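Participant: need a structure here:
(one chain, ligands or ions: 2)
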Amino acid sequence: MSVTILGIESSCDDTSAAVIRDQLLLSNVISSQDVHKQYGGVVPELASRAHQANIIPVVDTALRYAGVTIAEIDAIAYTRGPGLLGSLLVGASFAKGAALTLGVPIISVNHLQGHVLSHFIKDEPNAIHPSFPFLCLLVSGGHTQIMLVRGPMDMEIVGQTIDDAAGEAFDKCAKVLGLPYPGGPVIDKLAIEGNPGFIKFAKPNIPDLDFSFSGLKTSFLYTLRDKLNTEPNFVNEHLPDICASLQQTIIEILLSKVEQAVRKYRIKEIAIAGGVAANSGLRTALQLLGQKRGWKVYLPKKQFTTDNAAMIAIVGYYSYLAGKTSPLDEPPLARLPLG
Ligand code: KG4
Ligand code: ZN
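Facilitator: Residues are numbered from 1 along each chain as shown. Ligands and ions are numbered 1, 2, ... in the order given. Here you go, the predicted model:
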């Protein structure tokens, strides 16, 4: 018997709905909110309002694209957290209301588990996925973690940032350079033309598998300030080099911890996930390192790196198979622990 899941994601600034039948993706509709661009970052109140305006048309479109009627849905999976509380509330309320009306169960999903399991979305019949156990570097605008993944429902954070996330480092440094939000994709593009060895920024020295990016931010600011004192046109003249050097530093910080995790856990199945996993420099560097070290590296398709509901639906699918549904009175949580 096949299982059809409607997934809803609204944790930050993307309203998304997806339909999955078994592991096969039937649709994945994402409405990104442009309203935040003029503010250089996500404004929570505006995000919740945009989710409210978008949620019904987005779900409607996802069902239409999937060629599925609402009556064929077996369960509704929604992001319970972590994320912006107002934004989460819109997706959670919609999912609960729809589930009550349809008489189907709801499944609350941890957003981070969604990013990790995005590797198991089948958008084509021969899609490959990591074997368990694997290590997943989860890098997004809000998170930077290494996960030890033993099974779809069994994962553990074995290292994480003690301050900023990798995506935040991209976004904040981009803002200093006068680039639009989100800065990650813009820096990625500019870096292609630049020299990654142009500037050496300070790298943190954090024990175990944890990360830190606030020192890099400070080093970036001080370096630019010093250069601008003597060369007022420094940023304009060297923008691609500055971007390439910053990106290179972030990649080195991330990959040195992945190497450490491989040594510690003796696992050579390596995946990356989250918005920063779209970064072309990081993807190439990880692939090269994997070839050198004999790892099997899994890079998610770019449409599954940034926030999307397909990854929420796939968690819903595995939860449904495990008989794990959720009560209607479970509130969304801005800080939702894993597990
Ligand atoms: O996973 P995501 O959509 O949202 C969170 O859960 O945070 O990740 C968004 C983050 C932003 O910081 C954005 O700048 C970053 O992912 N990002 C990138 C790239 N594409 C998105 N960072 C570097 N290179 C990219 N190509
Ligand atoms: Zn995310």
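Participant: Start from the N-terminal end of the stretch 151-300 of the chain and give the strands.
Facilitator: Secondary structure of the stretch 151-300 of the chain by DSSP state E, counting those that start in this stretch: the strands cover 154-160, 269-273, 296-298.
Participant: Mean neighbour count, the ones you listed: which tops it?
Facilitator: Comparing the strands of the stretch 151-300 of the chain by mean neighbour count (mean count of other C-beta atoms under 10 Å), strand 269-273 ranks first with a mean of 23. To be clear about C-beta, it is placed using only N, CA and C from the backbone, and glycine gets the same treatment.
Participant: Who are the packing partners of the one helix or strand Ala53 maps to?
Facilitator: Using DSSP states H and E, Ala53 maps to helix 44-66. On a contact count with 3 or more C-beta pairs under 8 Å, 6 or more residues apart in numbering; DSSP states H and E, helix 44-66 meets strand 4-9, strand 14-21, strand 24-32, helix 85-102.
Participant: and Arg49, which of those is closest to it?
Facilitator: For Arg49, the closest of the helices and strands packed on helix 44-66 is helix 85-102, at 8.6 Å, according to C-beta to C-beta.
Participant: Sort out which residues of the closest one are buried, please.
Facilitator: Going by neighbour count (16 or more other C-beta atoms under 10 Å), the buried part of helix 85-102 is 85-92, 94-96, 98-99.
Participant: Ok, stretch 186-195 next?
Facilitator: Judged by neighbour count (16+ other C-beta under 10 Å), stretch 186-195 contains these buried residues: 186-188, 190-191, 194.
Participant: Spell out which parts of the stretch 101-250 of the chain neighbour ligand 1.
Facilitator: Neighbours of ligand 1 within the stretch 101-250 of the chain, by C-beta under 6 Å from any ligand atom: 140-142, 167, 170-171, 182-185, 188.
Participant: how much space between Leu224 and Val176?
Facilitator: Separation of Leu224 from Val176 (C-beta to C-beta, to the nearest Å): 7 Å.
Participant: Next: Tyr222.
Facilitator: Here the criterion is C-beta to C-beta. By it, Tyr222 lies 11 Å from Val176.
Participant: More neighbours: those two, which one.
Facilitator: Neighbours were counted for Tyr222 and for Val176 using other C-beta atoms under 10 Å; Val176 has more, 15 against 12.
Participant: That one is in contact with Phe220, isn't it?
Facilitator: Yes. Applying C-beta atoms under 8 Å, one finds Val176 in contact with Phe220, separated by 7.0 Å.
Participant: State the number of residues packed around whichever residue of the stretch 201-339 of the chain sits closest to ligand 1.
Facilitator: Taking C-beta to the nearest ligand atom, ligand 1 has its nearest neighbour within the stretch 201-339 of the chain at Gly275, 2.1 Å off. The tally of other residues near Gly275 (other C-beta under 10 Å) stands at 27.
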